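Colleague: Sequence below, structure please.
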Amino acid sequence: MSFIVLVDSASDIPSERATAEGIVTVPMTVTIDGKTLFEGVDLNTKDFYAQFDDFIELPKTSQPNPSTLLEHYERILFEGHEVVAIHLSSALSSTVATAQMLCSMTSAPERVHIIDSLGASFGYGLLALFAQQILRSAISWEEAEAKILLFRKSMRYVFTLDTLEYLVKGGRVSKTAGFIGGLLDVKPILHITPDGRIEPFTKVRSRRAAIRKLVDTMEQDITYPEQQVIGISHSACLDDANSLADEIRQRFKVKDIWISEIGCVVGSHTGPGTLALFYQSESLLK
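Modeller: Here you go, the predicted structure:
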């Protein structure tokens with residue numbers, strides 16, 4: 001019996017990579033000015049970011065449709081596989097709670113495994129890609145789960161924004177943090193905590209300094225970079241993503257660097273100009 005990894009679209013795994021790896025992606029929804037659209041189906045990032053400043057109100061996001069999730073779980077079970085459903089951090093979305101409820105409703109709950117990624121965007125995507133790799137040769141679910149959870153625990157998420165405005169409006173950070181960021185005209189740097197929440201990390205004065213700070217942070221706590229695939233994601237700022245990758249290559253010898261675009265669900269809360277860095281830190285395992 002084999003395992004099939006299923007993610008929601010907030011994992012920001014490029015569709016061609018997900019297909020090549022056999023990962024199933026379930027779309028989340030984005031409501032823009034009263035119209036609800038499915039990410040990756042009838043809403044693409046190019047149009048989304050190009051029109052972002054013209055939206056009447058901040059886009060609203062929602063978890064995958066429960067019926068759709070259940071259908072995907074059942075299809076995988078019917079094909080004779082076990083489901084490994086890895087979802088957006090439970091601190092940012094109710095998807096994990098819904099998935100856990102749906103698990104008990106499936107025809108074979110013992111063959112459905114729900115994992116809270118405690119992350120978002122391509123850092124969460126890297127976790128899913130690692131899980132797929134591990135599961136190909138896993139002798140048992142218990143063996144694979146232990147390795148996946150260890151990888152999850154070591155994941156580091158740091159990112160910079162052009163503005164805190166969208167995170168504040170969406171309730172992801174406090175209004176006080178947003179006010180300070182706007183008042184001082186700084187470039188905020190945030191991170192996702194080990195329990196999956198977004199918190200301010202530090203702030204710098206310019207975009208260039210923000211990119212440098214991301215790499216400085218990585219330099220302070222990365223372990224065995226030569227063994228790691230580094231993840232970078234961006235929202236309509238590919239040049240900055242490439243600059244970040246170049247800076248990393250100048251300082252480290254890494255296994256590889258994969259760049260992904262931040263999708264419409266995550267981008268609804270962070271806005272255009274977001275640049276994120278994902279890697280593993282052994283310090284988080286202590």
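Colleague: alpha carbons only for contacts and neighbour counts from here, please
Modeller: Will do.
Colleague: Quick check: buried residues in stretch 27-41?
Modeller: Pro27, Met28, Thr29, Val30, Thr31, Ile32, Thr36, Leu37, Phe38, Glu39, Gly40 (16 or more other C-alpha atoms under 10 Å).
Colleague: Tabulate those residues (CSV), appending secondary structure, pLDDT and distance to Arg212.
Modeller: Shown next, in CSV, are the buried residues of stretch 27-41 (DSSP: H, G, I helix; E, B strand; the rest coil; pLDDT from 0 to 100; distance: C-alpha to C-alpha, whole Å):
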residue, secondary structure, pLDDT, distance to Arg212
Pro27, coil, 95, 34
Met28, coil, 95, 33
Thr29, strand, 95, 34
Val30, strand, 96, 32
Thr31, strand, 96, 35
Ile32, strand, 95, 34
Thr36, strand, 95, 38
Leu37, strand, 94, 36
Phe38, strand, 94, 35
Glu39, strand, 93, 32
Gly40, coil, 88, 32
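Colleague: Widest-spaced pair of those?
Modeller: Pro27 and Ile32 (15.5 Å; C-alpha to C-alpha).
Colleague: Residue ranges in the stretch 151-286 of the chain under the pLDDT threshold?
Modeller: Within the stretch 151-286 of the chain, the stretches with pLDDT under 70 are 170-185, 286.
Colleague: by contact count, what packs against the stretch of helix or strand Lys203 belongs to?
Modeller: Assigned by DSSP states H and E, Lys203 belongs to strand 198-204. Here strand 198-204 touches strand 187-192, going by 3 or more C-alpha pairs under 8 Å, 6 or more residues apart in numbering; DSSP states H and E.
Colleague: What strands flank the strand it packs on, and is each parallel or antiparallel?
Modeller: Its sheet considered, strand 187-192 pairs with strand 155-160 (antiparallel), strand 198-204 (antiparallel) by DSSP bridges.
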